[in-house]
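A.B. asks: I'd like to go over a predicted model; first the sequence, then the structure.
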Amino acid sequence: MRWGGDEPQPKQSHFQIDVTPGDTKLARVAAKIRSWGTEPGSGAGTVDAFAPGRRPTANALARRQAP
């Protein structure tokens, strides 16, 4: 998963999910995202891409997702 706020030049409108065709993870992520529309307040919300405390969390996620 990659979000535009993690780019060297942040673009918060960019969001992508990279999985191989048929990967079961995609169905789980899609179901979660779809559920946000039916459960008020459960969505992603807003994030300040420039908040100092956000970068370490984003880097930790990138390390966990690295191949």
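C.D. replies: Arrived safely, thanks for sending. Source: prediction; values computed, not measured. Residues are numbered from 1 along each chain as shown.
A.B. asks: strands of the chain, start to end?
C.D. replies: All strands of the chain, identified by DSSP state E, fall at 2-3, 15-16.
A.B. asks: residue ranges with poor pLDDT in the protein?
C.D. replies: 1-7, 12, 41-47, 49 (pLDDT under 70).
A.B. asks: relative to Gly37, how far out is Ala66?
C.D. replies: Note on Ala66: its distance to Gly37, by C-beta to C-beta, to the nearest Å, is 31 Å. Every C-beta, even on glycine, is put in place using the N, C-alpha and C of the backbone.
A.B. asks: out of these two, which sits in the busier spot?
C.D. replies: Gly37 (9 against 6; other C-beta atoms under 10 Å).
A.B. asks: phi, psi of the more buried one?
C.D. replies: phi -80, psi -20 (degrees, to the nearest 10).
A.B. asks: switch to numbering from 521
C.D. replies: Done: numbering now begins at 521, and the last item shifts to Gly557.
A.B. asks: quick one: it from Leu581, how far?
C.D. replies: From Gly557 over to Leu581 the distance is 24 Å, taken as C-beta to C-beta.
A.B. asks: can you check Thr540 too?
C.D. replies: Using C-beta to C-beta, one gets 20 Å for the distance from Thr540 to Leu581.
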